[in-house]
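> here is my input; please provide its structure:
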Amino acid sequence: MTGRSALSDAPQDAGAGSRPALHRTIGPFQMALYGLGSMLGSGVYGLMGQAAGQVGNAVWLAFLVALVAALLTALSYASLGSRYPRAGGAAYISERAYRSPLIGFVVGLAVACSSLTSVATQSRVFAANLATLTGGGEAIVTWLALGFLLLLTGLVLRGIRESMWVNVLCTCIEAAGLLLVVAVGISYWGSVDLFETPPAGEAASDVMMLLVLQGSVLTFFAFIGFEDTLNVAEECRDPQRTIPVGLIAAMAMAAVIYVAVAITAVSVLPWRELAAAPGPLTAVMERAAPWLPPIVYTAITLFAVANTALVNYVTASRLAYGMSHQGLLPAWLGRVHATRRTPHLAIVALFVVVTPLALIGTIGQLAAATVLLLLLVFALMNGALVLLKNRPGEPHGRFEIPLVLPILGSLVCAGLVIVRVTTGDWRAPALAGGMLAGILLLYALFRPKADRLSANA
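Predicted coordinates for the structure are as follows:
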């Protein structure tokens with residue numbers, strides 16, 4: 001166990017000797033759009049209505065408060081990425097900070113579970129949206145989901161350069177869809193009181209901040225996705241600079257887009273109508289731009305969903321690759337294709353795992369449970385930065401932040417976990433607990449095998 005915890009500062013390059021390494025092609029521009037595409041996703045299309053139901057016209061303010069909360073953890077990730085630019089960064093950093101392979105294993109698989117459930121969910125959503133254009137029943141949706149997964153796997157196998165440029169294209173279309181909402185609705189700005197909140201038993205000024213804080217718990221999840229940037233560190237040019245610049249730029253762009261869309265949405269539609277609409281932003285477009293064919297927004301949604309799935313597939317495969325080089329997963333997952341320079345066996349293994357999840361159909365509760373696990377990961381990663389900053393001999397990165405920021409970030413994430421567990425549906429916390437127990441069981445079963453392999457090496 002001691003040997004596994006004493007990890008070197010430098011990435012364990014799969015290209016040492018005769019083995020090929022991952023291909024370094026990602027610059028700050030691509031990294032920024034990679035993070036932005038992961039954050040924007042398709043969730044914000046429905047999230048806007050849910051947030052308006054809680055906060056009223058002040059939904060834009062809830063996004064700003066959520067940005068501050070999310071930025072605390074994002075800055076920790078940026079600092080950690082500049083210190084330890086490795087694939088599977090969360091697993092490596094948590095193992096190094098806490099000197100525990102168990103914590104590295106739990107953190108790595110928790111992030112992997114989140115990515116896999118996202119890929120499965122988005123493939124199903126993509127198929128359902130495509131089926132509305134082509135027609136067909138549930139059987140068609142299943143076949144479309146399978147076809148989408150095959151295409152996605154082929155793209156990720158092809159190479160990181162191709163995957164990143166497809167991500168750039170999808171992110172630009174995705175962002176354009178949200179900016180289109182702003183463009184057609186900006187003439188409505190100034191027509192409503194942007195501080196109006198749902199009525200309460202006392203003056204709005206007394207409860208407004210409480211409502212905004214409640215809304216920010218919900219809107220916080222619109223910023224989840226920044227953590228994916230850490231897992232492609234070994235495919236970045238100058239990762240110590242690329243990761244912080246790309247991550248912070250992505251957060252800034254997402255915040256501007258979210259706030260502008262939120263102001264537009266409540267300006268075009270009364271917040272009660274927005275909250276009741278099945279597709280809030282679609283309803284905004286129908287009111288502000290009735291001349292726009294509905295198929296346009298459906299097509300944009302397809303790109304948004306596909307992009308989310310692509311980013312999470314890349315994240316999960318690089319996480320498996322990185323964990324294999326830590327000895328936390330089987331070594332064959334860390335093999336790199338000699339020509340394509342991708343972790344091809346890890347990619348194929350993930351396809352085998354994610355396909356049954358996608359074909360099941362409804363895994364919404366499972367996806368909600370993985371969000372809880374992600375919040376635990378965020379709390380641990382903030383704590384990891386605190387430990388590493390205070391430990392003598394640890395390398396410094398190009399991007400350093402004050403110690404108080406990761407401490408606050410850890411407290412915020414722990415608070416969000418408490419809020420999610422104590423309010424709402426009990427099934428998501430129960431599933432999260434079950435998944436955590438399953439990860440611990442896997443570690444107990446796998447660890448003796450890993451020890452024997454290390455002893456025989």
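> for the record, mean pLDDT for the helix or strand encompassing residue 244?
Here residue 244 sits within helix 239-268, counting by DSSP states H and E. If you average the pLDDT over helix 239-268, you get 93.
> show me what the next helix or strand after it is packed up against.
Sequence-wise, the next helix or strand downstream of helix 239-268 (DSSP H and E) is helix 271-276. Contacts defined by 3 or more Cβ pairs under 8 Å, 6 or more residues apart in numbering; DSSP states H and E place helix 271-276 against helix 43-55, helix 280-288. In short, each C-beta sits where N, CA and C put it, glycine included.
> if we use 10 Å, what do you get?
helix 43-55, helix 59-83, helix 239-268, helix 280-288 (3 or more Cβ pairs under 10 Å, 6 or more residues apart in numbering; DSSP states H and E).
> the inter-axis angle of the first one versus helix 59-83?
It refers to helix 43-55. 130 degrees (axes from the mean of the first three to the mean of the last three Cα atoms, to 10 degrees).
> equivalent analysis for the third one, please.
Relative orientation of helix 239-268 versus helix 59-83 (the same axes, to 10 degrees): 170 degrees.
> how close does the nearest residue to residue 410 once chain neighbours are set aside sit to residue 94?
Take residue 410 and drop its neighbours on the chain: the residue closest to it by Cβ to Cβ, 6 or more residues apart in numbering is residue 382, 3.7 Å away. Distance, residue 382 to residue 94, by Cβ to Cβ, to the nearest Å: 11 Å.
> where does pLDDT dip in the protein?
Scanning the chain for pLDDT under 70 picks out 1-19, 42-43, 46, 135-138, 200-211, 361-365, 423-425, 447-457.
> for the one residue sitting closest to the centre of the chain, list the residues it contacts.
The structure's the chain has its C-alpha centroid closest to residue 225; by Cα atoms, centre = their mean the separation is 2.4 Å. Shown in contact with residue 225 (Cβ atoms under 10 Å, 6 or more residues apart in numbering): 34-41, 43, 70, 74, 118, 250-251, 254, 308, 311-312, 315, 374.
> overlap of the contact sets of residue 382 and residue 94?
Counting by Cβ under 10 Å, 6+ apart, the residues touching both residue 382 and residue 94 are residue 80.
> residue 56 is in contact with residue 265, isn't it?
No - using Cβ atoms under 10 Å as the test, residue 56 is too far from residue 265 to be in contact (11.7 Å).
> returning to what we had before: contact partners for the residue nearest to residue 410?
Contacts of residue 382 (Cβ under 10 Å, 6+ apart): 72-73, 75-77, 80, 405-414.
> so which elements touch the helix holding residue 244?
helix 28-40, helix 43-55, helix 59-83, helix 160-185, helix 271-276, helix 280-288.
> apply 6 Å and report the result again.
Applying 3 or more Cβ pairs under 6 Å, 6 or more residues apart in numbering; DSSP states H and E, one finds that helix 239-268 contacts helix 28-40, helix 59-83, helix 160-185, helix 280-288.
> list the buried residues of the third one.
Translated: helix 160-185. 160, 162-164, 166-168, 170-171, 173-175, 177-178, 180-182, 184-185 (16 or more other Cβ atoms under 10 Å).
> what does the second one give?
Of the residues in helix 59-83, those with enough neighbours to count as buried (16+ other Cβ under 10 Å) are 59-67, 69-83.
> list phi and psi for residue 190.
Here is the backbone geometry of residue 190 (degrees, to the nearest 10): phi 90, psi 0.
> ok, now which ones touch residue 282?
By Cβ atoms under 6 Å, 6 or more residues apart in numbering, residue 282 lies in contact with residue 297.
> and it, how far is that from residue 170?
Taking Cβ to Cβ, one finds residue 282 at 19 Å from residue 170.
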